[in-house]
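Novice: any chance you could fold what I've pasted below:
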Amino acid sequence: MAMGPSRPGRLKRGLATPEFNVALFAFLLNYPWEFLQVPLFAGMPAMTHWDAVRFCTRAALGDVLIALVAYWVVAMVRRRAWIRCPDVPALFGFVAVGVAITIGLEWHATVLQDRWQYGELMPTLPLLGTGLAPLLQWLVLPPPIVWLVRRQMLGERCCDCCPPGERDSV
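Specialist: Now for the predicted structure:
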């Protein structure tokens with residue numbers, strides 16, 4: 001009787017996927033960012049500790065979903081392994097999709113659903129009204145996410161995987 005792949009083998013392959021690593025590093029970088037922007041949201045500084053932790057955890061998990069969607073959009077245009085050797089257009093696409101989703105979600109949550117409001121300290125974009133901190137989050141964090149995923153997936157081979165013209169573009 002033929003046996004399928006062992007559970008440890010499947011688990012190891014799952015942990016080595018780009019999606020798992022994007023999700024992991026997106027969570028690890030976005031989670032502290034969510035806590036740092038607490039003073040910029042109305043009512044957040046007055047929340048009980050565990051309510052704020054729960055709110056920030058949900059927000060960071062939402063950021064993970066945004067990162068995965070952004071990764072998959074670029075993967076549909078390029079290839080699934082784009083993150084192993086990212087170039088400027090791929091990184092730009094990853095950031096642009098994240099920014100577009102963030103602007104849409106922030107507008108939907110603050111204007112249409114009234115799920116949260118910005119505090120007095122939150123600078124907002126004219127016309128859109130999107131908070132600057134959530135927008136900066138999607139301009140600042142994607143490059144380190146991509147860099148960390150690449151390093152995690154390739155290890156010491158990190159700089160040997162790309163053609164010379166594409167090395168260190170991220």
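Novice: what residue lies at the spatial centre of the protein?
Specialist: residue 67 (3.6 Å; Cα atoms, centre = their mean).
Novice: isn't it up against residue 26?
Specialist: Yes: contact criterion Cβ atoms under 8 Å: residue 67 and residue 26 qualify, at 3.6 Å. C-beta here means a position set from N, CA and C on the backbone, and glycine is covered the same way.
Novice: if I look at the two, which residues touch both of them?
Specialist: residue 145 (Cβ atoms under 8 Å, 6 or more residues apart in numbering).
Novice: what is the distance between the helix of greatest length in the chain and the centre of its chain?
Specialist: With secondary structure taken from DSSP state H, the chain has its longest helix at helix 49-77. Once both centres are worked out by Cα atoms, centre = their mean, to the nearest Å, helix 49-77 turns out to sit 6 Å from its chain's centre.
Novice: now that helix: average pLDDT?
Specialist: For helix 49-77, mean pLDDT rounds to 96.
Novice: could you list every helix and strand in contact with that helix?
Specialist: If you count contacts as 3 or more Cβ pairs under 8 Å, 6 or more residues apart in numbering; DSSP states H and E, helix 49-77 packs onto helix 18-36, helix 88-107, helix 142-154.
Novice: show me the shaky parts of the protein.
Specialist: Across the chain, the ranges flagged by pLDDT under 70 are 1-8, 156-170.
Novice: 50 - rerun?
Specialist: 1, 165-170 (pLDDT under 50).
Novice: hang on, the earlier thing: for residue 54, which of the helices and strands packed on helix 49-77 is the nearest?
Specialist: Within these, the stretch nearest residue 54 is helix 18-36; the backing value is 11.2 Å (Cβ to Cβ).
Novice: for residue 44, grab phi and psi.
Specialist: Residue 44 adopts backbone torsions of phi -60, psi -50, taken as degrees, to the nearest 10.
Novice: if we can go back for a sec, so for residue 81, which of the helices and strands packed on helix 49-77 sits nearest?
Specialist: Counting by Cβ to Cβ, residue 81 lies closest to helix 18-36 out of the helices and strands packed on helix 49-77; the figure is 6.9 Å.
Novice: would you put the C-alpha positions of the closest one in PDB?
Specialist: C-alpha atoms of helix 18-36 as PDB (Å, rounded to 0.1, in the frame of the first residue of the first chain):
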ATOM      1  CA  PRO A  18       5.500  32.400  -0.100                       C
ATOM      2  CA  GLU A  19       1.900  32.800   1.200                       C
ATOM      3  CA  PHE A  20       2.800  31.500   4.700                       C
ATOM      4  CA  ASN A  21       5.800  33.800   4.900                       C
ATOM      5  CA  VAL A  22       4.000  36.800   3.600                       C
ATOM      6  CA  ALA A  23       1.300  36.200   6.200                       C
ATOM      7  CA  LEU A  24       3.900  35.700   9.000                       C
ATOM      8  CA  PHE A  25       6.000  38.800   8.300                       C
ATOM      9  CA  ALA A  26       2.900  40.900   7.500                       C
ATOM     10  CA  PHE A  27       1.500  40.100  10.900                       C
ATOM     11  CA  LEU A  28       4.800  40.600  12.800                       C
ATOM     12  CA  LEU A  29       5.400  44.000  11.200                       C
ATOM     13  CA  ASN A  30       1.800  45.300  11.200                       C
ATOM     14  CA  TYR A  31       0.900  44.200  14.800                       C
ATOM     15  CA  PRO A  32       3.200  46.700  16.500                       C
ATOM     16  CA  TRP A  33       2.200  49.400  14.000                       C
ATOM     17  CA  GLU A  34      -1.400  49.000  15.000                       C
ATOM     18  CA  PHE A  35      -0.500  49.600  18.600                       C
ATOM     19  CA  LEU A  36       1.600  52.600  17.700                       C
END
